[in-house]
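Trainee: My questions concern the predicted model and sequence given below.
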Amino acid sequence: MTAGTMLRVEGLGRAFGGVYAVREVNLSVAEGETRAVIGPNGAGKSTLFNLISGHLTADQGSVHYRTGETLHPIDRLSAHSRARQGIAIVFQGARLFHGMTALENVMVGAHARTRHGFVAAALRLPRHHREEAAIRADALAALDRVGLKEWAHRSADVLPLGQQRALQVARALCARPRLLLLDEPASGLRAGEREALARLIESLRAEGLTMMLIEHDVAFVARLADRVTVLDLGEEIAEGTPEEIRGHDAVLAAYLGQESAA
Ligand SMILES: Nc1ncnc2c1ncn2[C@@H]1O[C@H](COP(=O)(O)OP(=O)(O)OP(=O)(O)O)[C@@H](O)[C@H]1O
């Protein structure tokens, strides 16, 4: 069976103070694909993710996303609406809620997507109790999926960094995403923690979840990604399989340029 397209980005552009952070970017991500987005610092990777998730609005271009059988434009939808349609993002360096358990951290994320949300929760309406039980079950399932079930009732503050990242992924999974955007989930992790995260991403990939992943380590990318998009100065300079990208002249130039500037 040929997989359909999950996401199509056309001519996408966004400027800050007259300078393009993302410019004329075109890409398509297939259902079930893991797409890595790489590029030097300031290349526009995070901006691209925020344009897809709706946390930033585009100046130019469009984003189409699969709902049902076809792709639909989502440019006019808020981040909240896009999240409800299954686009989840784990922000770079996202924080956890201190003083809460791992389970509560996941549940707080899930409350934001419910129909009644905090108002019903605060008023303790009956419908809130039904929702609360459902959210709790979803949150426990998400923790189990990332290997943190044993930590559910422990304070999130004591989690090692690698498990904090897994907890962020659990929060995103609790919304039952169809497209998961991970912005540098491995940054700052030690080798063992990176390995655990790689295995988690591999397991989500094996489940068929469509993902986009920002990452600097080319070996990490080669292991996890089906295809790689390379950005430099806001523009897409290459796209291909990890093997194709590794030998690409423009990619090497972008990275070497960054090293010599550093
Ligand atoms: N909210 C903002 N206001 C002003 N400029 C911004 C804003 N967000 C991003 N930029 C600029 O847009 C460019 C792209 O930034 P972006 O964070 O998307 O790059 P990146 O590839 O994710 O970089 P890094 O690898 O360092 O995270 C940079 O020059 C950055 O300074």
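Mentor: Sure thing, it's come through. Numbering: from 1, shown residues only.

Trainee: switch to C-alpha atoms for all contacts and neighbour counts from now on
Mentor: OK.

Trainee: Does residue 164 belong to a helix, a strand or coil?
Mentor: Three-state call for residue 164 (DSSP: H, G, I helix; E, B strand; the rest coil): helix.

Trainee: surely it meets residue 155?
Mentor: No - the pair residue 164 / residue 155 is not scored as a contact, 10.9 Å apart, by CA atoms under 8 Å.

Trainee: Which stretches in the chain count as strands?
Mentor: 5-16, 19-30, 34-38, 60-67, 70-73, 87-90, 179-183, 210-214, 227-232, 235-240 (DSSP state E).

Trainee: for the ones you listed, which one sits closest to residue 139?
Mentor: Nearest to residue 139 among the strands of the chain is strand 87-90 (15.0 Å), distances taken as CA to CA.

Trainee: What strands line up against that closest one, and which way round?
Mentor: strand 179-183 (parallel) (DSSP bridges).

Trainee: Would you mind listing the residues in contact with residue 189?
Mentor: Shown in contact with residue 189 (CA atoms under 8 Å, 6 or more residues apart in numbering): 161, 162.

Trainee: could you redo the last one with a cut-off of 10 Å?
Mentor: 160, 161, 162, 163, 165, 195, 196, 197 (CA atoms under 10 Å, 6 or more residues apart in numbering).

Trainee: Could you tell me which residues touch both of residue 164 and residue 155?
Mentor: Shared contacts of residue 164 and residue 155 (CA under 10 Å, 6+ apart): residue 102.

Trainee: Not counting residues beside it along the chain, what's closest to whichever residue of the stretch 101-250 of the chain sits closest to the ligand?
Mentor: Going by CA to the nearest ligand atom, the ligand is nearest to residue 234 of the stretch 101-250 of the chain, at 6.6 Å. Of all residues not flanking residue 234 in the chain, residue 22 sits nearest, at 4.0 Å (CA to CA, 6 or more residues apart in numbering).

Trainee: That concludes my questions; thank you for your assistance.
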